[in-house]
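[1] what shape does this take:
(one chain, ligands or ions: 2)
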Amino acid sequence: MDAKELKKWEAELNICIRCAYCFEGCPVYKELGWESDGARGKIVLSYGLFSGELESSEYIADKIFECTYCRDCVERCSANVSVPDILTAARTDLVNDGYKNEAHLELLDKIKDTGNIFGKELKSPVRNGEVPVLLGCRLLERTEDTKRYLEILEKLGIKPKVVDETCCGMPFGVLGYKDDLATHKEEFRRRFPYKKFICMCTTCVFFIRKNYPDLEAIYVIEEVVKRLPEVEHKKLGTKVTYHDPCNVARGMDMVDEPRSILKEIGVELVELPTSGKQAECCGGGGGLLVTNNPLAEKLAEKRVNQALEIGVDTLVTLCPTCEFNIGNVASKNSGKLKVKNLLDLVWESLK
Ligand code: SF4
Ligand code: SF4
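    Ligands and ions are numbered 1, 2, ... in the order given. Below is the predicted model:
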């Protein structure tokens, strides 16, 4: 196999000292339990592909793609190895070597055909304000929620400008389709031609900051933290738990911001057994929802059970993908846990 992309990570592949600190919090390793399920095993497999000591195979591809990109290993790694970046390189080399996963191709075709991950025509709630706002596929699909989230911005003194946007391209990137990502990025820039904007979706904002270095994506939460104390709002007096999305807590270092919003709107927070930078992943990232949906759901089930065990009936989070995965499992489970976006509570408070 021509490991063209992995070769760019030769130095990183060599700095893994095989210490296994990355095992402790890896959700996939904790669920499946084999060496090849944790970051160290995946780095060894990637090294084998890079050096030519391993031939690519379905087994290796399954292991490389069974990662949620939760970054728990990055947080714990004693040698600062960028595991998700190395796995993206490995995924790209595998795809270029002919690896095909029907579920991946189906998802990417949907984006190519319709500009969103749902493969259907979604109408942007166009607004002609002053500040460009990117919604992202998941919020674009949740029309009623999105209208309320845009109202939040208006109440905070921001006039949103919403256009007929397209997917940020994240699925092409994480699933190893580098050339398709390059093509899609041009389309994204054509449909959303702004340098500085507010981004409503956690996944999009994290992906854009990493993959479009010339763009300035402000996460909606940064605006809420800054502006909410200045605007009239009420205290809700409810009790919830908060699930830290990986991209928010570990990816963008935002642990205090959501908690300060909950405090500001008078919501009591009961922490989950793991929270902040140690929070367990919901299982919805890194393409796992399409690569291995039962595994993604098992990881979400852990979060649902943890929330019920600490005695709350509402879990709030920020990432629409966490919300989808945990919410879906919660409703299939006992239906006792409600899953909401933190923005839903902000809207309640501003009503
Ligand atoms: S990113 Fe998360 S799921 Fe992937 S290897 Fe690291 S800890 Fe495990
Ligand atoms: S924690 Fe880092 S250095 Fe240690 S085995 Fe895992 S990836 Fe390698």
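[2] what parts of the stretch 51-200 of the chain come near ligand 1?
    C67, T68, Y69, C70, R71, D72, C73, V83, P84 (C-beta under 6 Å from any ligand atom). Every residue, glycine included, has its C-beta placed from N, CA and C.
[3] and the first one, what does it touch?
    Yep, that's C67 we're talking about. V28, A39, K42, V83, P84, L87, G286, L288 (C-beta atoms under 8 Å, 6 or more residues apart in numbering).
[4] now, which of those sits nearest ligand 2?
    Proximity of the contacts of C67 to ligand 2 (C-beta to the nearest ligand atom) peaks at A39, which lies at 4.7 Å.
[5] tell me how far the closest one lies from L345.
    34 Å (C-beta to C-beta, to the nearest Å).
[6] for those two, indicate the residue with more neighbours.
    Remark: of A39 and L345, A39 carries more neighbours, 28 against 20, as counted by other C-beta atoms under 10 Å.
[7] correct me, but the more buried one touches C70?
    No: counting by C-beta atoms under 8 Å, A39 stays clear of C70, with 10.1 Å between them.
[8] find the residues that touch each one of the two.
    C26.
[9] do you know the pLDDT at T274?
    On pLDDT, T274 comes in at 97.
[10] just the local confidence number for the closest residue in space to it that isn't next to it in sequence, please.
    Leaving out its chain neighbours, the residue that sits closest to T274 by C-beta to C-beta, 6 or more residues apart in numbering is E280, at 4.9 Å. We note a pLDDT of 97 for E280 in this prediction.
[11] and what of G335?
    For G335, the predicted pLDDT is 84.
[12] next: P258.
    The model's pLDDT for P258 equals 98.
[13] contacts only, for it.
    With C-beta under 8 Å, 6+ apart, P258 has these contacts: I221, Y242, D244, V248, L318, L342.
[14] with pLDDT and distance to G48 added, can I get those in JSON lines?
    Output for the contacts of P258, formatted as JSON lines (pLDDT from 0 to 100; distance: C-beta to C-beta, whole Å):
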{"residue": "I221", "pLDDT": "97", "distance to G48": "40"}
{"residue": "Y242", "pLDDT": "98", "distance to G48": "40"}
{"residue": "D244", "pLDDT": "98", "distance to G48": "33"}
{"residue": "V248", "pLDDT": "97", "distance to G48": "33"}
{"residue": "L318", "pLDDT": "97", "distance to G48": "37"}
{"residue": "L342", "pLDDT": "98", "distance to G48": "42"}
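[15] those strands in this structure, which residues are they?
    Assigned by DSSP state E, the strands in the chain fall at 127-128, 131-134, 160-162, 196-199, 216-219, 239-242, 268-269, 314-317, 338-341.
[16] tell me which strands and helices the last one is in contact with?
    Looking back up the chat, that one is strand 338-341. strand 314-317, helix 320-332 (3 or more C-beta pairs under 8 Å, 6 or more residues apart in numbering; DSSP states H and E).
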